[in-house]
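>>> Have a look at this prediction, sequence included:
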Amino acid sequence: MKKELLDVFLKKLQGGIRVVYWDNEERTYNNNPKITIRFLKEPPLISLDDPLLTLGDLYIEEYFDIEGTIEDLMELLETNKNIFRPQKKNTFMTTLNTTLGIGKSKEKDMKNIQKHYDLGNDFFSLWLDSSMCYSCAYFKTPTDSLEQAQRNKISHSLKKLNLQKGEKLLDIGCGWGELLFEAATKYGVYVTGITLSQEQFSHIKEQIELRNLFEKVEVRLESYEELDPKKDLFDKIISIGMFEHVGQKRIPGFMKKTSSVLKRSGIFMLHTITGLEEGGQHSWMNKHIFPGGYIPTVREIINILPDYDFRVLHVESLRRHYARTLEYWSKNYETHKDEIEKKFGRTFLRMWDIYLKGCAASFKLGFIDIHQFTLSLGINNDYPETFEFLYKD
Ligand SMILES: C[S@@+](CC[C@H](N)C(=O)[O-])C[C@H]1O[C@@H](n2cnc3c(N)ncnc32)[C@H](O)[C@@H]1O
């Protein structure tokens, strides 16, 4: 019965796939299979209303292994994305979103964010580099280490802001804070970082003390939604890898808020993963990795900017840099897999492993991209007229 359900499903796929069922029966669907699904045990009764979610869950619970490259797997998923979509109204996602109250309040946002980022600084430090940057690095040469590339990213991103000594800078979604420290010490600006992660907040507090940066750096455990233009007005804003948490419905609110706390002519550098399909949802990722997350398209972002008087100065894709960053993270993760399994269990180990590898392949294949948008609020006639400065040290 289960086998027949899977069989009907697999027959719809384009592209070859071989399946070794739990009773050792082998079936090949289409020619030249690059991927083999090898069942290790018989799965429970399943529904394939949301195939990606169900099959993803069976994989992390070790009902089957996948043989073949991750790129071939991602190609197969992408070619068949309509077949892998939820077939009916996605009641699971509706329930999940209601339970977590996505978009409803700071507490709910915090719950989503802390589920991911508060797995422990010890966990993230196993596979991030020592700067604890958790976003796309920037590889200036093929031999750059991850550490060097993360330093390059911070430098490249800060340059885009054209910072002047004494200015006030806001970092929305400041992570573990490395960019705050670099901006304050290198450019002499006053920096405010906001995050919803308790662990990140405590880490930054400690670092401010250790580095004696009380006068220049402030961190707040708060959401961008709480920024108040009466109290908070900044010359520049930067946000790296946070916009993906905003959710599609709240994009206008995010733009409105950022435009209200940025001075006229101020510069905003928005760095975000971008997708190809408006409204695209990935229920497995939303369930396990980024609850409440949404990947916007370039078109969605560009379309909404004029409504808040944001002018586009520069747009840059860093897609291949993110593929490489994720490959580094994934290799580091693999090195520590025994430790991770011991602490979090095997399902977790497989979940984060496939997340890192799957994302690396998706960037490489161009199913997702990453862009830095440099914007000014209204007209800015002081910003450099060419971008040569970006490539000078
Ligand atoms: C992928 S991390 C990126 C961190 C950092 N910018 C970096 O490059 O390493 C996303 C960050 O966004 C923060 N974040 C998510 N939702 C937020 C919200 N509503 N308000 C403020 N920060 C938020 C998280 O706490 C986390 O620090």
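Noted; the coordinates are in hand.
>>> now the strands: where do they sit in the stretch 201-350 of the chain?
Under the criterion DSSP state E, counting those that start in this stretch, the stretch 201-350 of the chain contains strands at 217-221, 234-240, 262-274, 310-317.
>>> What is the longest one packed up against?
So the one you mean is strand 262-274. Packing partners of strand 262-274 (3 or more Cβ pairs under 8 Å, 6 or more residues apart in numbering; DSSP states H and E): strand 234-240, helix 298-304, strand 369-377. In short, each C-beta sits where N, CA and C put it, glycine included.
>>> what helix or strand does the closest residue to residue 383 other than its chain neighbours sit in?
Spatial nearest neighbour of residue 383, chain neighbours left out: residue 162 (5.7 Å); criterion: Cβ to Cβ, 6 or more residues apart in numbering. Applying DSSP states H and E as the criterion places residue 162 outside every helix and strand.
>>> Phi and psi next, for residue 162.
Backbone torsions for residue 162, taken as degrees, to the nearest 10, come to phi 50, psi 50.
>>> any idea how far residue 212 is from it?
Per Cβ to Cβ, to the nearest Å, residue 162 is found 27 Å from residue 212.
>>> the more surrounded of the two?
Set side by side, residue 162 and residue 212 show more neighbours around residue 162, with 20 against 8, by other Cβ atoms under 10 Å.
>>> residue contacts, the more buried one?
Neighbouring residues of residue 162 by Cβ atoms under 8 Å, 6 or more residues apart in numbering: 236, 267, 382-384.
>>> where's it relative to the ligand, distance?
19 Å (Cβ to the nearest ligand atom, to the nearest Å).
>>> Quick one: name whatever helix or strand follows the lowest-mean-pLDDT helix or strand in the chain.
In the chain, no helix or strand scores lower on mean pLDDT, DSSP states H and E than helix 91-100, which sits at a mean of 46. Going down the chain from helix 91-100, the next helix or strand is helix 106-117, by DSSP H and E.
>>> export that next one as CSV, just CAs?
Taking Å, rounded to 0.1, in the frame of the first residue of the first chain, the C-alpha atoms of helix 106-117 are listed here in CSV:
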residue,chain,number,x,y,z
LYS,A,106,7.5,40.2,19.4
GLU,A,107,7.1,37.1,21.6
LYS,A,108,6.1,35.0,18.7
ASP,A,109,9.0,36.4,16.5
MET,A,110,11.3,35.7,19.4
LYS,A,111,10.2,32.2,19.6
ASN,A,112,10.9,31.6,15.9
ILE,A,113,14.3,33.3,16.1
GLN,A,114,15.4,31.7,19.3
LYS,A,115,14.4,28.2,18.0
HIS,A,116,17.2,28.7,15.4
TYR,A,117,19.8,31.1,16.9
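>>> so what's the residue nearest to residue 346 when sequence neighbours are not counted up against?
Residue nearest to residue 346 in three dimensions, not counting chain neighbours: residue 62, with 6.6 Å by Cβ to Cβ, 6+ apart. By Cβ under 8 Å, 6+ apart, residue 62 lies in contact with 40-41, 346-347, 350.
>>> at 10 Å instead, please
40-41, 346-347, 349-350 (Cβ atoms under 10 Å, 6 or more residues apart in numbering).
>>> my read: residue 83 touches residue 9, true?
Yes - look at residue 83 against residue 9 with Cβ atoms under 10 Å: they come within range, at 7.6 Å.
>>> No further queries at this time; thank you.
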